[in-house]
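In: Next input, structure requested:
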Amino acid sequence: MELSNLSQALLNLDEEEVLRLIDIKLNNNEDPLSVIDELRIGMEAVGDKYEKGEYFVSELVVAKEFFEKGIEILEPKIKRKGDEKALGNIIIGTVSGDIHELGKNIVITILKINGFKIHDLGVDVPIPTFIEEVKRVNPDIVGMSCLMTTSIEPMKKTIEGLRKLENSDRFKIIIGGGIITEKVRGYVKADFWGANAAEAAKISKTIMGSL
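Out: Purely as a prediction, here's the structure:
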């Protein structure tokens, strides 16, 4: 996929160009949500380079810093309907055995911008923690991130544990991550899977009946 100038600037770790392009887009009255989506795509491209060994932790940290600066500029520009209540409550975490957090954090940012209240459980989340937090929070949606094939089984067991809860029909389960496919979704018996943060937000909004 061909990257926009803004996505490419973030991938190039060019802070000055990222901020310059954001300023231009805002002055041209572009939709802040579409600009945020360009930043998301740029961060996902950074993540791809990291997974391929072309970028290292230092590049991830720098890119995340530029991404967050962009979000700080853009988020106040998003038009909201007064002080309406959260669109829904979402618990999200990276499953046991997996310490990847970049993709999860991008999803969290996009979900928050779209009006969801997020309970972030972090990474390498044990099965009992997911279950106890779902019992405590009573969420509308449970999100699970997984980027390692070795963590598919823990994800499956986590979902099996959640399905045994008394109110398991109260929430939907969405999974995502670089290795997730429809086949994986069927195997672990999640309700939905999202290929990226934008898709995760769209699915979540559909679940809550807001589309």
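In: Could you give the number of residues near Lys183?
Out: 9 (other Cβ atoms under 10 Å). For every residue, glycine as well, the C-beta is placed using N, CA and C.
In: Make 195 the first number, not 1, from now on.
Out: I'll keep to 195 as the first residue from here, and by that count the last item is Lys377.
In: ok, now how distant is it from Glu238?
Out: 22 Å (Cβ to Cβ, to the nearest Å).
In: right, and Tyr335 touches Ile401 too?
Out: For the record, residue 335 is Ile, not Tyr. Yes. Assessed by Cβ atoms under 8 Å, Ile335 is found in contact with Ile401 at 6.1 Å.
In: Neighbour count: these two, which is higher?
Out: Comparing Ile335 with Ile401 by other Cβ under 10 Å, the one with more neighbours is Ile335, at 23 against 19.
In: Regarding the spatially most central residue of the chain, which helix or strand does it belong to?
Out: Closest residue to the average C-alpha location of the chain: Val301 at 1.2 Å, with Cα atoms, centre = their mean. Under the criterion of DSSP states H and E, Val301 resides in helix 296-307.
In: following that helix, which helix or strand shows up next?
Out: Counting by DSSP H and E, the next helix or strand C-terminal to helix 296-307 is strand 311-314.
In: For stretch 387-405, buried residues please.
Out: Across stretch 387-405, burial judged by 16 or more other Cβ atoms under 10 Å covers 387-388, 390-395, 397-399, 401-402.
In: Thank you kindly, that will do.
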